[in-house]
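Peer 1: Could you work out the structure for the sequence below:
(2 chains)
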Amino acid sequence: MPPAVTFAFDVLIALLAVHLVGCLYVLLRGCLILRVWRREAPFVERAAILKSPLTPGVSVLLAPPDASSAWHAFARRLLGLEFADSEVVVVLEDATPDELQSWAREFRLFPSLETVAGPLATGAVRGVYESSAAIRLVVVDKDPGPPGDALNAAVNAASLPVLACFDPETEFQQDALLRLVWPMLDSRGEITAVASAVACGTSESLLGGFTEIEFLRSWLGRSIAFAGWNAMIPEPGCAMLVERQAVIDAGGCWGGLAPMFVALHGRARAAGRKYRIPFIPDPLTSLELRGDLSSLLRQVVRRQAWIAQAMRRAPSLTGGWSSLGRWGLSALLFTRLLRPLAETALYLLVIAALLFGWIGWGLALTALLVTMASGTIISASAVVLREVAEYTPAPPGRLIRLLVASLAEGFGYRQLRDLKMIAAFFSEAL
Amino acid sequence: MIHFVAYLAVIEALLAVWLAATCLVTLARSSWWQKRLTRSAEFGPSIRAAIADYVGGAPDFMVLEECVRASPHDVAEELLAFRQAVTGTALDRLCGLTIELTLLQRWLEEAESRDIVARRNAFRRLAFACAYEPCRRQVGERLVRALGDADREVRLTVAAAMVRTARLADLERVFHLALSETLLVRMSLGETLRPHAYLLCERVVPEVLRSGDTPRIVATLELLRAWERALPIKGLPALMGHGETEIRLGAFALAPLVAPSPEIENEVLAGLGDPDVRIVAAAARAAARLRLDRAMPVLARCARTATPPLLQTAAAALADMPPAGWTTLQELRSNPNPATAAAAGAALERARRKAGL
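Peer 2: Prediction:
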């Protein structure tokens, strides 16, 4: 075998080994942190939070991708959130007169004399509307702008000190705000933002198992373990609360919610301020997936684009590449880009080496099995470590189903997922 | 290459062995848990029937004794589930069962456990039993000592049980505990203490407000505010003019909840002229709640000269003071400052719609 190819093999295998050990370390840490959290069993005194005038007011922001009437139902659900002092701020970009009319009819809107001249620079605001019904709704109509511009306009229009965001693709619990706000009340002044876990509604099929493992790995690793290091970026689809002033200080939304969290971390770290962005491990939102391969891969692509977006913006933020600490963003880059690249390259190299006769079938099969096994070990570890951490065990049937899925995902699904991840990263980052 | 693949294969083989062992353990645990759930589901109806019979007046509790031998945890949980359903003599009989079945003794032992979960459960059950005087006597000072427990949930459970006794000494202990806890816990304990707010305001609060301890004074003002009821708070005007901003903000928020007095009105007016915008905003809100007509010229000046968000606060305060406040806002609508005109117009429009005009 040519020395260059041998070297490439060694480097790729070494990368996979480092990734395996690193992932297991992160998952183990996530498991230990979750165990501590579950032991602490944070009490949620909903009645007191709901009734007390000491609970800060929350502006729930909605910046739908279009101004169509399809979003009325989601806005209605946001208005139905249980909370004493809350308002919903909807920002419509480039709405047609018909679309505006439909919003006005649905929510009995009237033109407000209020101006939206906040500290964040946004596209021109065409009009502000308030509802004459007994609901606190502000609708801002503005010129189209770059990604994140609508969210910045919503931050400007918000009149309450805490902001909440929900993903329009998810179902959320009506008491989500009550459960999200408790860390802010528990460590007042220290909590910049809070995010919760997102659950996935899946089927009992093998693909359902793949989906569940997909969510489980990032829940235990990227969310819980990273929250332990205070370097958590929330998952797409989660519910989140952020201090309005912190968003303004960080310079706005930076094109999306993931970069905004990186900016929040970066700014607080650069200022040497004592801060925390906690994670609520219980899911307050859920994504209903169809249970087919395309919807699963769509979620993979969405998550990858979410991370890539944060990385693309990171160098221009206050904290730069060390916004999530010394290793945070590098670890994410390694897991989300280098590992899929290395694994794919290894498969191709093994096939090429076999075709050119540089290696025998035995070594080729061993190399392939070792590569596949590394992913299986990580997935199965996530399943097992979650069981170790939780006080209430899952039913044995479910455990077995997930363990079988973690074994099966190495035979085709993971390779496909790697290709999707690589493509999604480059299409978002470049 | 062979070396690298071999090393990785060995590492993975070792990890696979560890993983297989952990899998077996978790599966065994999961099966045990399922069996326990099934057993609880089987036991539940017979335990509930036996408790209902006893609470209803049946003298015999032999069945329950057998159940305690088989599954003390299930009996304890079923007893607690009955807590909300019974009162008076029935509640006494229910709590008395804990003595008869020696559960109380068991819980007292578990309350000394170093395992947080066991200790939490024990205190939750003891707190339930303490609704009955003989149980309270047996528990003794254990509850008071538990107010200093390292676990927050234990402290909260015990505090709620102590408040139920309605003795001033216990209320005072819980009140002081609330002052030293986080805002979240304070809000929860505030709800528990709310029925005794008047008594606490007369006997305990004045001493804390005079203490000079800023964090405790701020916490007390927060508790008073959380109660949201008219209260006899002595010395509030002095706190409104205090040197500490946090104390002043808390005192201004309380001003509408006490009986109006010239001293308080003067402090509100003085607050409107304060250099700190947070104090001005708090004073504006207090003026609106107190319907303080004397504050209107100062509020109008705020609406003309201040910057957002104080400007909006002043306009909102004027909107809450019809008809003179509305007249002022109407005049401000034609102010040359566009921010003032917009804020005044929006506040007036909102107030009119709220009033159904």
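
Peer 1: Setting the sequence-adjacent residues aside, check what's closest to residue A:107.
Peer 2: residue A:131 (4.9 Å; CB to CB, 6 or more residues apart in numbering or on different chains). Placement of C-beta: from N, CA and C, glycine included.

Peer 1: Can you tell me what sits against stretch B:166-182?
Peer 2: A:185-188, B:144, B:147, B:152, B:155, B:159, B:162-163, B:185-186, B:189-190, B:192-193, B:196, B:199-200, B:203-204, B:208, B:216, B:219-220, B:223 (CB atoms under 8 Å, 6 or more residues apart in numbering or on different chains).

Peer 1: Give the buried residues for that stretch.
Peer 2: B:170-175, B:177-179, B:181 (16 or more other CB atoms under 10 Å in any protein chain shown).

Peer 1: Kindly report the same for stretch B:38-48.
Peer 2: In terms of neighbour count (16+ other CB under 10 Å), stretch B:38-48 has its buried residues at B:43-44, B:47.

Peer 1: could you redo the residues you listed as a markdown table and give each row secondary structure, distance to residue A:346 and pLDDT?
Peer 2: Compiled in a markdown table, the buried residues of stretch B:38-48 are given as follows (DSSP: H, G, I helix; E, B strand; the rest coil; distance: CB to CB, whole Å; pLDDT from 0 to 100):
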| residue | secondary structure | distance to residue A:346 | pLDDT |
| --- | --- | --- | --- |
| B:43 | helix | 56 | 83 |
| B:44 | helix | 56 | 85 |
| B:47 | helix | 60 | 88 |
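
Peer 1: list the contacts for residue 240?
Peer 2: With no chain named, the answer covers chain A. Counting by CB under 8 Å, 6+ apart, residue A:240 makes contact with A:164-165, A:180, A:193-196, A:234, A:257.

Peer 1: other chain: chain B
Peer 2: Contacts of residue B:240 by CB under 8 Å, 6+ apart are B:248, B:251-252, B:255, B:264, B:267-268, B:271.

Peer 1: Ok, residue B:224 next?
Peer 2: Counting by CB under 8 Å, 6+ apart, residue B:224 touches B:197, B:201, B:205, B:231, B:233, B:254, B:257.

Peer 1: Could you verify my assumption that the last one touches residue B:232?
Peer 2: So that's residue B:257. No: the criterion here is CB atoms under 8 Å, and residue B:257 misses it with residue B:232 at 10.4 Å.

Peer 1: Settle it for me: which of these two has more neighbours?
Peer 2: residue B:257 (17 against 12; other CB atoms under 10 Å in any protein chain shown).

Peer 1: if I look at that one, how far off is chain A?
Peer 2: 10 Å (CB to the nearest CB, to the nearest Å).

Peer 1: What does the pLDDT read for that residue?
Peer 2: Confidence at residue B:257, expressed as pLDDT, is 88.

Peer 1: Give me the contact status of the strand or helix carrying residue A:348 with chain B.
Peer 2: For residue A:348, the enclosing helix or strand under DSSP states H and E is helix A:339-355. No: applying CB under 8 Å from any CB of the partner chain, one finds helix A:339-355 separated from chain B by no less than 8.8 Å.

Peer 1: What lies in contact with that helix?
Peer 2: So helix A:339-355 is contacted by A:1, A:5, A:8-9, A:12-13, A:15-16, A:19, A:359, A:361, A:364, A:367-368, A:371, A:375, A:414-415, A:417-419, A:421-422 (CB under 8 Å, 6+ apart).

Peer 1: which is the next helix or strand following it?
Peer 2: As assigned by DSSP H and E, the chain's next helix or strand after helix A:339-355 is helix A:361-389.

Peer 1: Does anything pack onto that next one? Which helices or strands?
Peer 2: Packing partners of helix A:361-389 (3 or more CB pairs under 8 Å, 6 or more residues apart in numbering or on different chains; DSSP states H and E): helix A:3-40, helix A:206-218, helix A:339-355, helix A:396-408, helix B:2-55.

Peer 1: mind saving the C-alpha coords of the helix or strand that the longest one is followed by as PDB?
Peer 2: Past helix B:2-55, further along toward the C-terminus, the next helix or strand under DSSP H and E is helix B:62-70. Taking Å, rounded to 0.1, in the frame of the first residue of the first chain, the C-alpha atoms of helix B:62-70 are listed here in PDB:
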ATOM      1  CA  MET B  62     -55.700  -6.200  60.500                       C
ATOM      2  CA  VAL B  63     -55.800  -6.100  56.700                       C
ATOM      3  CA  LEU B  64     -53.700  -2.900  56.700                       C
ATOM      4  CA  GLU B  65     -51.200  -4.500  59.100                       C
ATOM      5  CA  GLU B  66     -50.700  -7.300  56.600                       C
ATOM      6  CA  CYS B  67     -50.400  -4.700  53.800                       C
ATOM      7  CA  VAL B  68     -47.700  -2.800  55.800                       C
ATOM      8  CA  ARG B  69     -45.800  -6.000  56.200                       C
ATOM      9  CA  ALA B  70     -46.000  -6.700  52.500                       C
END
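
Peer 1: Fine by me, thanks again.
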